[in-house]
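> show me the folded form of this:
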Amino acid sequence: MKTVTNRSKQGLSIPFSTPEGGRSIFLAPRGTFNVPNGWGSNTLNTLVSRKLIWMTVETPPLPPVKVEEEVKVESPPEVQEYVPLKINEKNR
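Sure, this is the predicted structure:
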């Protein structure tokens, strides 16, 4: 839901485009009303940018996240093999 609050000292009529068709709502000075998120309005966006109207969008709470414990896998110890150096007969 969107909460729309009129911050001006004059009443405003805001047209909305709804899934059922167009609808206009009158907002009294310092008045507040709620509209569904699916309703859009260019006029509302313009009034918000001019700071005549405040709009807050309420999002539904997210489901809790299930945290899984880390599975610790132990790797086998590394074994280093001794590799003898090859000595070239020219370097002797």
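> just the strands in this structure please.
Along the chain, counting by DSSP state E, strands occupy 2-6, 12-18, 21-27, 32-35, 53-57.
> just those: most buried one?
Comparing the strands of the chain by mean neighbour count (mean count of other C-beta atoms under 10 Å), strand 2-6 comes out on top with a mean of 18. C-beta here means a position set from N, CA and C on the backbone, and glycine is covered the same way.
> relative to that strand, what are the paired strands and their orientations?
Sheet pairing for strand 2-6, assigned by DSSP bridges, gives strand 32-35 (antiparallel), strand 53-57 (antiparallel).
> what separation do you get for residue 15 and residue 62?
Taken as C-beta to C-beta, to the nearest Å, the spacing of residue 15 relative to residue 62 amounts to 33 Å.
> and the closest residue to residue 31 other than its chain neighbours, how close does it get to residue 61?
Sequence neighbours aside, residue 6 is the residue nearest to residue 31 in space, at 5.0 Å (criterion: C-beta to C-beta, 6 or more residues apart in numbering). Applying C-beta to C-beta, the value for residue 6 to residue 61 is 28 Å.
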